[in-house]
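Enquirer: Prediction below, plus the sequence it came from.
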Amino acid sequence: MESKDQYLNKFNSFSDLYLKKDSHALLRKESIQRFAELGFPTTKNEEWKYTNVLPITKVDFRSSTPADKFKLTREDIKDFLICGSSATILVFENGHYNESLSVLNNLPKNVVVASLASSLNDAAVKEHFGKYASIKTESFIALNTAFSHDGAFIHVPGNAVVEQPIHLLYVSDARNAASVAYPRNLVVAEKSSQVKIVESFHCMQADNHNFTDSVTEIVVKENALIEFNKIQNETAEAFHINHTEAYLSKNSTFNINTITLGGEIVRNNLHIVLNDENGTAHLYGLYLLNGSQLVDNHTLVDHAKPNCYSNELYKGIIDDKAHGVFNGKIFVRQDAQKTNAYQSNKNILLSNDASMNAKPQLEIFADDVKCSHGATTGQIDEEALFYLRSRGIGEETARALLNTAFASDVINHITIDELKNNLITFLSTKLKTVEV
């Protein structure tokens, strides 16, 4: 049986559980029909040229239901609480909201931080759900839209400032069987509001594979500011495909930091639309790879209106037989005059077997713009290494220091101190143990 057919058959069972009382039943049916037409992408597709998802299609994953009992304990997740004690925390176990492990600290008045499954009748959900993540061309978005049951809904009203970080903690538990989760998040920041969000993905150690197919839609209204941190630190048995779709209004700012530290196959898709004047987007990415990992970062910044600014910096440290991919496009539409857009991808290869494919792209239809892009891939700077060693620093420590400094250019853009410090500690520890 083809893997596509397995998912189509599973949708029939899924629909018996959800569609009778689901306000998105029609959209789900449209999505599974679109997935049936698209199938899983292959390497013949230019956008998936270096990412072979065949290993994902060969596993028979079990999808949990709300009737399943939660198994995680506070002890299980303690190492995943990376944002400090003041954070608001929503915990999701195999894609389902675990209220008993979640912590809703004192939030400003009228700020909504809740399970999406319990918020389907909210006016903002009805207005924005499914409006930005398109099922037309992306089969994994179609699959998520068909099967997603839960996720996070964050609605920040006008002029509200949320001081503490909001941590969306996703934990996959495949200790009993190969598991799949379809998290779906919606974030809406109204006019002149501010919020900091962390979306992190982790796994319980297990021999079985787990698969996460995640979609996050983000709406940044006029003069609003969102800092969004996506942290992926799963096990070597993890498959992870995610789509983040951000839609920016006039004078709004969206800063996103994408940190990838684990997983067998990881694909990060980021699509940002600057849809009104004076929008600003900063995109920072870091991937630290070893073993036989594959991490593919695909970004698209769509400058649809004039006088907008975007800046993109992605960095990778790749060891062993790991494979990194960066495909970044800046798209400037004809009306988007006075655009300023910059893109850079830099990589360090720590072994002769490590590989990197970089494809920075500019597609410009306006004439009054300032745009640049570039990519570099190489090894550690031998002069800098010699300098440190001449100061009495051992080679292993010197290499670790240089790699940590290289990665810190991205980490330092995170403004949540606890998260930033935890990541720096993790990176320093891991880089010192890398065999070079």
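Expert: Received the coordinates, thanks. Numbering: from 1, shown residues only.
Enquirer: what residue ranges in the protein score low on pLDDT?
Expert: 1-2, 15-23, 66, 433-436 (pLDDT under 70).
Enquirer: what residues go with each domain of the chain?
Expert: The record assigns the chain these domain ranges, following automatic domain parsing: 3-276, 380-436.
Enquirer: For those, give me TSV that also has distance to Y342.
Expert: To be clear about C-beta, it is placed using only N, CA and C from the backbone, and glycine gets the same treatment. Shown next, in TSV, are the domains of the chain (distance: least, C-beta to C-beta, whole Å):
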stretch	distance to Y342
domain 3-276	14
domain 380-436	14
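Enquirer: deepest of these, which one?
Expert: domain 3-276 (a mean of 19; mean count of other C-beta atoms under 10 Å).
Enquirer: Report how many residues lie close to F331.
Expert: Here the number of neighbours of F331 (other C-beta atoms under 10 Å) works out to 18.
Enquirer: Check the gap between the spatially closest residue to S292 that is not a sequence neighbour and L385 for me.
Expert: Leaving out its chain neighbours, the residue that sits closest to S292 by C-beta to C-beta, 6 or more residues apart in numbering is K321, at 5.1 Å. Note on K321: its distance to L385, by C-beta to C-beta, to the nearest Å, is 23 Å.
Enquirer: can you map out the helices along the stretch 51-200 of the chain?
Expert: 54-57, 74-77, 123-128, 139-147 (DSSP state H, counting those that start in this stretch).
Enquirer: brain fart, the stretch 201-350 of the chain
Expert: Going by DSSP H, counting those that start in this stretch, the stretch 201-350 of the chain shows no helices.
Enquirer: Show me the strands in it, by range?
Expert: 210-220, 225-232, 238-248, 253-260, 265-274, 280-289, 294-303, 309-318, 323-332, 339-349 (DSSP state E, counting those that start in this stretch).
Enquirer: any chance of these in TSV, plus distance to P157?
Expert: Compiled in TSV, the strands of the stretch 201-350 of the chain are given as follows (distance: least, C-beta to C-beta, whole Å):
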stretch	distance to P157
strand 210-220	13
strand 225-232	14
strand 238-248	18
strand 253-260	18
strand 265-274	23
strand 280-289	22
strand 294-303	27
strand 309-318	27
strand 323-332	32
strand 339-349	31
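Enquirer: nearest to H167, of these?
Expert: Ranking the strands of the stretch 201-350 of the chain by proximity to H167 (C-beta to C-beta) places strand 225-232 first, at 9.2 Å.
Enquirer: which helices and strands sit right next to that closest one?
Expert: strand 184-189, strand 194-203, strand 210-220, strand 238-248, strand 253-260, strand 265-274, helix 417-433 (3 or more C-beta pairs under 8 Å, 6 or more residues apart in numbering; DSSP states H and E).
Enquirer: Give me the contacts around it.
Expert: Outside strand 225-232, the residues that touch it by C-beta atoms under 8 Å, 6 or more residues apart in numbering are 82, 187, 189, 193-201, 218, 220, 240, 242, 244, 246, 252-263, 266, 268, 414-416, 419, 423.
Enquirer: Ok, stretch 104-113 next?
Expert: 86-88, 90, 119, 122, 152-157, 160-162, 164, 166.
Enquirer: With P183 as the reference, measure out to the most centrally placed residue in the chain.
Expert: Closest residue to the average C-alpha location of the chain: K230 at 4.8 Å, with C-alpha atoms, centre = their mean. As judged by C-beta to C-beta, K230 and P183 stand 12 Å apart.
Enquirer: likewise N121?
Expert: 20 Å.
Enquirer: ditto for F254
Expert: Between F254 and P183 the distance is 20 Å, computed by C-beta to C-beta.
Enquirer: mind checking the end-to-end distance for stretch 132-150?
Expert: End-to-end distance of stretch 132-150 (C-alpha to C-alpha, to the nearest Å): 18 Å.
Enquirer: what separates that stretch from the chain centre, distance-wise?
Expert: The chain centroid and the centroid of stretch 132-150 are separated by 15 Å, computed with C-alpha atoms, centre = their mean, to the nearest Å.
Enquirer: Quickly note the distance from A341 to L274.
Expert: Per C-beta to C-beta, A341 is found 9 Å from L274.
Enquirer: shared neighbours of those two, anything?
Expert: The contact sets of A341 and L274 overlap at V301, H303, S310 (C-beta under 8 Å, 6+ apart).
Enquirer: Who does the last one form a beta bridge with?
Expert: Going by DSSP bridges, S310 is paired in beta bridges with A281, A341.
Enquirer: Tell me, how many residues neighbour it?
Expert: 25.
Enquirer: I'd say it and I330 touch.
Expert: Yes. The pair S310 / I330 is scored as a contact, 7.0 Å apart, by C-beta atoms under 8 Å.
Enquirer: Overlap of the contact sets of those two?
Expert: The contact sets of S310 and I330 overlap at V301, H303, A341 (C-beta under 8 Å, 6+ apart).
Enquirer: Just give me the closest of these to I135.
Expert: Set against I135, the nearest of those by C-beta to C-beta is V301 (21.5 Å).
Enquirer: shouldn't the closest one be in contact with C308?
Expert: No. The criterion here is C-beta under 8 Å, and V301 misses it with C308 at 9.2 Å.
Enquirer: got any residues that touch both of those two?
Expert: L274, A281.
Enquirer: Spit out the contact partners of F426.
Expert: Listed by C-beta under 8 Å, 6+ apart, the contact partners of F426 are N233, L261.
Enquirer: try 6 Å this time
Expert: Residues near F426 by C-beta atoms under 6 Å, 6 or more residues apart in numbering: none.
Enquirer: same check, this time on Y50
Expert: Y50 sits next to V325, N357 when contact means C-beta under 6 Å, 6+ apart.
Enquirer: just to revisit the earlier point, make a markdown table from the shared contacts of A341 and L274 and add distance to N210 to it.
Expert: Formatted as a markdown table, the shared contacts of A341 and L274 follow (distance: C-beta to C-beta, whole Å):
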| residue | distance to N210 |
| --- | --- |
| V301 | 31 |
| H303 | 37 |
| S310 | 33 |
